[in-house]
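Peer 1: No sequence on hand, only this structure:
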Ligand SMILES: Nc1ncnc2c1ncn2[C@@H]1O[C@H](COP(=O)(O)OP(=O)(O)OP(=O)(O)O)[C@@H](O)[C@H]1O
């Protein structure tokens with residue numbers, strides 16, 4: 001459920017099934033430019049929250065704060081770690097990186113930014129389990145094959161280089177590489193942008209299946225309301241660094257209250 005900053009609430013560590021991530025009254029600036037103002041949200045396991053809004057509204061910046069890549073100038077983020085909810089500000093760089101490689105997953109818009117293009121598909125998929133200490137080659141290879149099947153890539157492509165894959169397949173490979181560690185928290189940054197419509201539809205279908213099977217808490221950044229409707233239970237609409245409307249996806253999209261959301265839904269964006 002999204003909360004306004006006035007509804008402060010203290011995160012309770014280790015309680016399950018509480019939220020997997022809570023952000024409270026986040027403010028952030030790049031130099032003198034205020035980019036985020038008073039942003040609060042929470043996401044529960046098994047739930048997808050879509051963050052939508054026009055270009056420059058602060059969606060990617062917010063995702064980076066929630067992932068620990070940026071620090072807020074005010075406010076806090078608590079995210080699921082090895083010992084329940086943990087304040088990101090208290091984590092060492094080493095712990096943060098370890099959580100990013102295991103308990104959390106980040107799927108970015110351009111899979112080439114995340115994949116290692118010089119190693120095989122299987123090498124890409126098993127990188128996270130190897131970083132977590134798994135060494136048994138036959139088991140790792142079996143897992144890689146299993147995950148290729150899960151993302152609907154022919155397992156015969158196990159030893160192929162990513163450069164020989166299509167755009168849609170590359171994105172599937174990035175998803176397999178990310179989900180193999182069964183992250184509790186998944187960050188999706190425009191995961192289907194740049195793909196043609198039919199590839200996008202198949203990928204969205206796959207993501208929907210995986211997300212519901214794996215019971216992850218998902219933060220989805222998208223400018224595409226159709227993507228948000230398909231994947232998300234709840235939507236937060238951002239404008240100029242603030243959440244101006246939030247609620248159940250159907251409610252926000254079918255009965256938008258804020259004039260800006262009404263414009264967004266009718267695709268008539270203000271200049
Ligand atoms: N590294 C940076 N340095 C300075 N300003 C930045 C930086 N990154 C983003 N900004 C500014 O922060 C604001 C929010 O950008 P952000 O990328 O978060 O928006 P967005 O909603 O994700 O946009 P898009 O949908 O185009 O990716 C913009 O005004 C942008 O110019």
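Peer 2: Right, received. Where do you want to start? This is a predicted model, so every value here is computed, not measured.

Peer 1: least trustworthy helix or strand in this protein by mean pLDDT?
Peer 2: Lowest by mean pLDDT, DSSP states H and E among the helices and strands of the chain is helix 197-214, with a mean of 83.

Peer 1: what comes up buried for that helix?
Peer 2: Within helix 197-214, the residues that count as buried by 16 or more other C-beta atoms under 10 Å are 199-200, 203-204, 206-207, 210-211, 214. For every residue, glycine as well, the C-beta is placed using N, CA and C.

Peer 1: what's the answer for stretch 136-152, then?
Peer 2: 140, 143-144, 147-148, 150-151.

Peer 1: of these, closest to residue 228?
Peer 2: Nearest to residue 228, judged by C-beta to C-beta, of these is residue 151 at 21.7 Å.

Peer 1: For the closest one, give its distance to the ligand.
Peer 2: Per C-beta to the nearest ligand atom, to the nearest Å, residue 151 is found 25 Å from the ligand.

Peer 1: right, and that residue touches residue 172 too?
Peer 2: Yes. Using C-beta atoms under 8 Å, residue 151 is in contact with residue 172, at 4.0 Å.

Peer 1: Residues in contact with both of those two, list them for me.
Peer 2: Common contacts of residue 151 and residue 172, defined by C-beta atoms under 8 Å, 6 or more residues apart in numbering, comprise residue 206.

Peer 1: the helices in the stretch 101-250 of the chain, which residues?
Peer 2: 111-114, 121-125, 127-131, 137-150, 167-179, 197-214, 225-231, 249-254 (DSSP state H, counting those that start in this stretch).

Peer 1: For the fourth one, name the packing helices and strands.
Peer 2: Spelled out, that is helix 137-150. When contacts are defined as 3 or more C-beta pairs under 8 Å, 6 or more residues apart in numbering; DSSP states H and E, helix 137-150 sits against helix 121-125, helix 127-131, helix 167-179.
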